[in-house]
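Undergrad: Output the structure for:
(one chain, ligands or ions: 1)
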Amino acid sequence: MSAFTLPDIAAQATHSQLPLEWVGMCNIALPVQINSQMLRASADAGVSLDDGTARGIHMSRLYLALDVLEYEALTPALLNEVLERFLDSHVGLSASAFLTLRFDLMLKRPALVSPLGGWKAYPITLHAQIKDEVFHVELFAQVEYSSTCPCSAALARQLIQQQFLTDFGNRMLSHETVLSWLGSAQGIVATPHSQRSVAKLRVRLQPGIEELPLHALIDHAESALGTAVQTAVKRADEQAFALANGQNLMFCEDAARRLHLALKTLPWLSGFNLRVEHAESLHAHDAVAHSQWRW
Ligand SMILES: Nc1nc2c(ncn2[C@@H]2O[C@H](COP(=O)(O)OP(=O)(O)OP(=O)(O)O)[C@@H](O)[C@H]2O)c(=O)[nH]1
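TA: As a prediction, this is how the structure comes out:
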């Protein structure tokens, strides 16, 4: 080695003769382009080290291959291109390449009634890989919604009926008296409990799909649930939300089944795994359900 040559440890041989499934870097900060927005993302970039005699991979080559993500809209083709670059820069060392991207998708959402709106941040994780020469992409999205317990709603209705009997017995009542009672806190003595809930959707894309259907996946899930959490809210919006909750009473099992049936209709999906978590206000633990299809 001359005084001007930098030592290249990664290029040395190792005596362990042991291939490794994944080698790379985690939590690389970088921007990605989605829906013409520049989003702050975090990437895990890796390859397999199939040559068990090689000391290491070339981390810098993976890092530099991520560059393109800054300049082009994120699509399955772009993810594939980055993974191909990983492999092209590791010929003879690696046969599989992996890329995970995490970011918050920002979507502007209208209010239910008023002409207002606001932004929601949806946590997204994309897993792309080339393994056995096959390219795969998985999307993971989190969608928050409200769930009102159907059992609690029925119990509350029963208490309201009992209160009605206590207040009026079998008396003949005028329309006006009943209307006023229904509008009073003494009449509606009990309310069901609701909780902020989250659906965690993991889906595999059909090969050949051109766009990442993040927006479509989230819209589809929110429409199936009917009670997506809101942004800007005036009283008219809150009332519409109360109605939506009353019309979409859900145990976690109901939410999981709704989402299962809804996701199955998406033609660009080849399989999914979903989990719903209802952060119960009745107790301090969560109600959780899982479901999957072709997973
Ligand atoms: N393989 C490997 N490299 C590491 C690790 N930690 C830090 N590095 C450093 O990552 C840097 C980049 O590695 P390479 O991509 O091989 O750099 P290089 O040899 O200048 O680049 P090439 O000429 O393209 O091979 C090197 O300085 C390594 O020492 C590690 O755990 N494994």
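Undergrad: can you give me the strands in this protein?
TA: 20-34, 37-49, 97-110, 117-131, 134-148, 194-205, 269-278, 287-293 (DSSP state E).
Undergrad: Those: which one's closest to the ligand?
TA: For those, the distance to the ligand is smallest for strand 20-34, at 7.0 Å, taking Cβ to the nearest ligand atom. C-betas here are computed from N, CA, C, even on glycine.
Undergrad: By neighbour count, which bits of that closest one are buried? Give me those.
TA: Buried residues in strand 20-34, counted by 16 or more other Cβ atoms under 10 Å: 20, 23, 24, 30, 32, 33, 34.
Undergrad: Spatially, what comes nearest to residue 167 if we skip its sequence neighbours?
TA: residue 181 (6.7 Å; Cβ to Cβ, 6 or more residues apart in numbering).
Undergrad: Apologies, that question was intended for residue 128.
TA: In this structure, residue 128 finds its nearest non-sequential neighbour in residue 79, 4.0 Å apart by Cβ to Cβ, 6+ apart.
Undergrad: coming back round to it: export the strands of the chain as TSV, with columns for mean pLDDT and distance to residue 214.
TA: As requested, the strands of the chain are exported to TSV (pLDDT from 0 to 100; distance: least, Cβ to Cβ, whole Å):
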stretch	mean pLDDT	distance to residue 214
strand 20-34	98	7
strand 37-49	97	11
strand 97-110	98	6
strand 117-131	98	6
strand 134-148	97	6
strand 194-205	97	10
strand 269-278	97	13
strand 287-293	98	19
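Undergrad: possible to save those as JSON lines with distance to residue 85?
TA: Converted to JSON lines, the strands of the chain look like this (distance: least, Cβ to Cβ, whole Å):
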{"stretch": "strand 20-34", "distance to residue 85": "13"}
{"stretch": "strand 37-49", "distance to residue 85": "10"}
{"stretch": "strand 97-110", "distance to residue 85": "8"}
{"stretch": "strand 117-131", "distance to residue 85": "11"}
{"stretch": "strand 134-148", "distance to residue 85": "13"}
{"stretch": "strand 194-205", "distance to residue 85": "20"}
{"stretch": "strand 269-278", "distance to residue 85": "25"}
{"stretch": "strand 287-293", "distance to residue 85": "32"}
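Undergrad: neighbours around residue 90, how many?
TA: Residue 90 has 23 neighbours, counted by other Cβ atoms under 10 Å.
Undergrad: ok, residue 215 to residue 205 distance?
TA: Counting by Cβ to Cβ, to the nearest Å, the gap between residue 215 and residue 205 amounts to 14 Å.
Undergrad: who has more neighbours, the two?
TA: When residue 215 and residue 205 are compared for neighbours, residue 205 comes out ahead with 23 against 15, by other Cβ under 10 Å.
Undergrad: So the more buried one is in contact with residue 137, correct?
TA: Yes: proximity of residue 205 to residue 137 meets the contact threshold set by Cβ atoms under 8 Å, at 4.8 Å.
Undergrad: Perfect, I'm done here.
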